[in-house]
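>>> Have a look at this prediction, sequence included:
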Amino acid sequence: QVQLVESGGGLVQAGGSLTLSCAASGVNFNGYAMGWFRQAPGKEREIVAAITRSGESTWYVNSAKGRFTISRDNTNNTLYLQMNSLKFEDTAVYSCAASFSFGLVTLQSEYTFWGQGTQVTVSS
């Protein structure tokens, strides 16, 4: 059974940093493109970052460019999201997801497996 478990969320002051992790089990991890999503209260879920199966290519939503870094460790079946210079508007539940598709996957509908999410709260 596929399981994606996020960790690393918490409360941080604006300008601070957090690193989220997503541990995958029950999957051939390097056989999936991966993505990080977030959903703020009262808003729709949006993609934040995506990474190819090999990890060679990445994509970011404009608001995350220059501040967030997505990476993966295919040996240890783990996806990461390093978040720097956090802003109040980054407050959301962050979830990782896995897609069978190739390349950089930015459409939510192409993701098959989802984690439960981890809360990130940025105080202003």
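It's in. Computed from a predicted model, the values in this text were never measured in an experiment.

>>> Pairing-wise in the sheet, spell out the partners of the residue nearest to the spatial centre of the chain.
The C-alpha lying nearest the average C-alpha coordinate of the chain belongs to Trp36 (Cα atoms, centre = their mean; 2.2 Å). In this structure, Trp36 bridges to Ala49, Cys96 when assessed by DSSP bridges.

>>> wouldn't it be in contact with Cys96 here?
Yes - using Cβ atoms under 8 Å, Trp36 makes contact with Cys96 at a distance of 5.7 Å. Heads up, the C-betas are built off the backbone N, CA and C, glycines and all.

>>> How many residues are close by Phe68?
21 (other Cβ atoms under 10 Å).

>>> again, but for Asn62
Neighbours around Asn62, by other Cβ under 10 Å: 6.

>>> so who does it touch?
Contacts for Asn62 (Cβ atoms under 8 Å, 6 or more residues apart in numbering) come out as none.
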